[in-house]
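1. I'd like to go over a predicted model; first the sequence, then the structure.
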Amino acid sequence: MIETRPFDRLMSADHGWLKARHHFSFGDHYDPDRVHHGALRVWNDDEIAPNSGFPPHPHANMEIITYVREGAITHQDNLGNKGRTQAGDVQVMSAGTGIRHAEYNLEPETTKIFQIWIIPTREGGEPSWGSKRFPKGDNAGKFVTLASGIAGDAEALPIRADARVLGATLKKGESTEYDLRGRNGYLVPASGAVEVNGVKLGTRDGAAIANENVVRVTALEDAELVLVDAA
């Protein structure tokens with residue numbers, strides 16, 4: 001089963017400095033049919049104006065993954081972590097017992113991100129933050145695991161959840177597959193158009209996937225993909 005969520009029908013917010021689309025219920029936007037998909041709780045599509053951003057604010061008991069689509073995001077937190085994550089790369093924050101952080105776009109252009117929240121397998125634990133650069137060619141033509149709490153994913157950024165966050169880039173006409181047997185998937189093309197098991201998705205559309213043993217993605221044009229595999 002694949003439920004499509006067209007970008008132009010997503011819940012939206014415009015704060016001037018921030019333009020956001022919500023694939024799931026978030027903040028003042030509530031849809032009882034879109035609270036979560038397995039352990040995936042939030043998928044926000046954010047556009048952050050230059051020299052602006054999210055001021056310091058707290059989180060607890062959530063795995064927060066940021067995939068930068070364009071520009072760069074600069075992180076600061078009360079643990080002393082600082083870092084700049086640029087397009088194509090990923091940062092992970094395990095909020096654990098509690099962390100206070102800020103996210104700024106210090107770039108001269110708009111920064112565009114996917115912010116993904118995944119429910120951890122256990123509450124508590126020491127909070128942490130990390131980021132990683134992923135060489136642009138590594139995910140060409142196939143899914144590469146960017147963040148994971150699944151045993152054996154040693155090259156990925158660690159998260160405390162029964163989930164993976166994956167990325168892929170496909171040239172027009174290329175296909176790739178992912179084994180989703182018994183699990184939930186959520187896929188969004190960051191750019192380009194694709195078919196997912198024969199269902200068409202445009203740029204920034206969402207696809208909630210369940211009860212599909214294999215996910216086969218074919219690029220209808222050059223495409224960049226992000227997929228969450230969650231229990």
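-> Structure received. Numbering: from 1, shown residues only.
2. okay, CA-based contacts and neighbour counts for the rest of this
-> Noted.
3. Mind checking the pLDDT average for stretch 29-44?
-> Computed over stretch 29-44, the mean pLDDT rounds to 95.
4. Give me the residues contacting that stretch.
-> With C-alpha atoms under 8 Å, 6 or more residues apart in numbering as the test, stretch 29-44 has contacts from 11, 20-26, 114-120, 161-163, 184-186, 208, 228, 230-231.
5. so Tyr230 makes contact with Arg164?
-> No Tyr there; residue 230 is Ala. Yes. Judged on C-alpha atoms under 8 Å, Ala230 makes contact with Arg164 at a distance of 6.5 Å.
6. Tell me what the residue lying closest to Pro158 once chain neighbours are set aside is bridged to.
-> Using C-alpha to C-alpha, 6 or more residues apart in numbering and skipping the chain neighbours, the partner closest in space to Pro158 is Ser148 (5.3 Å). Beta-bridge partners for Ser148, by DSSP bridges, are Pro158, Arg164.
7. number of nearby residues for Ser148?
-> Ser148 is flanked by 25 other residues according to other C-alpha atoms under 10 Å.
8. Show me the domain layout of this structure.
-> The chain breaks down by automatic domain parsing into domains covering 11-132, 144-230.
9. what's the first-to-last distance across the last one?
-> Looking back up the chat, that one is domain 144-230. With C-alpha to C-alpha, to the nearest Å as the measure, domain 144-230 spans 15 Å from end to end.
10. avg pLDDT for that domain?
-> In this model, domain 144-230 has a mean pLDDT of 97.
11. chain center to that domain, what's the gap?
-> Mean C-alpha position of domain 144-230 versus that of the full chain (C-alpha atoms, centre = their mean, to the nearest Å) differs by 10 Å.
12. Out of the domains of the chain, the one nearest Ile2 is which?
-> Closest approach to Ile2 among the domains of the chain is made by domain 144-230 (4.6 Å; C-alpha to C-alpha).
13. who does whichever strand or helix holds Thr176 touch, helix- and strand-wise?
-> Using DSSP states H and E, Thr176 falls within strand 175-179. Other elements packing on strand 175-179 under the criterion 3 or more C-alpha pairs under 8 Å, 6 or more residues apart in numbering; DSSP states H and E are strand 214-219.
14. Could you list which residues are in contact with the residue most central in space within the chain?
-> For the chain, the residue nearest the mean C-alpha position is Ile116 (4.1 Å; C-alpha atoms, centre = their mean). Ile116 makes contact with Leu40, Arg41, Val42, Trp43, Asn44, Ile64, Ile65, Thr66 under the criterion C-alpha under 8 Å, 6+ apart.
15. Leaving out sequence neighbours, find the closest residue to it.
-> Take Ile116 and drop its neighbours on the chain: the residue closest to it by C-alpha to C-alpha, 6+ apart is Trp43, 4.6 Å away.
16. and what of Phe143?
-> Nearest non-adjacent residue to Phe143, counting by C-alpha to C-alpha, 6+ apart: Ala168, 4.6 Å away.
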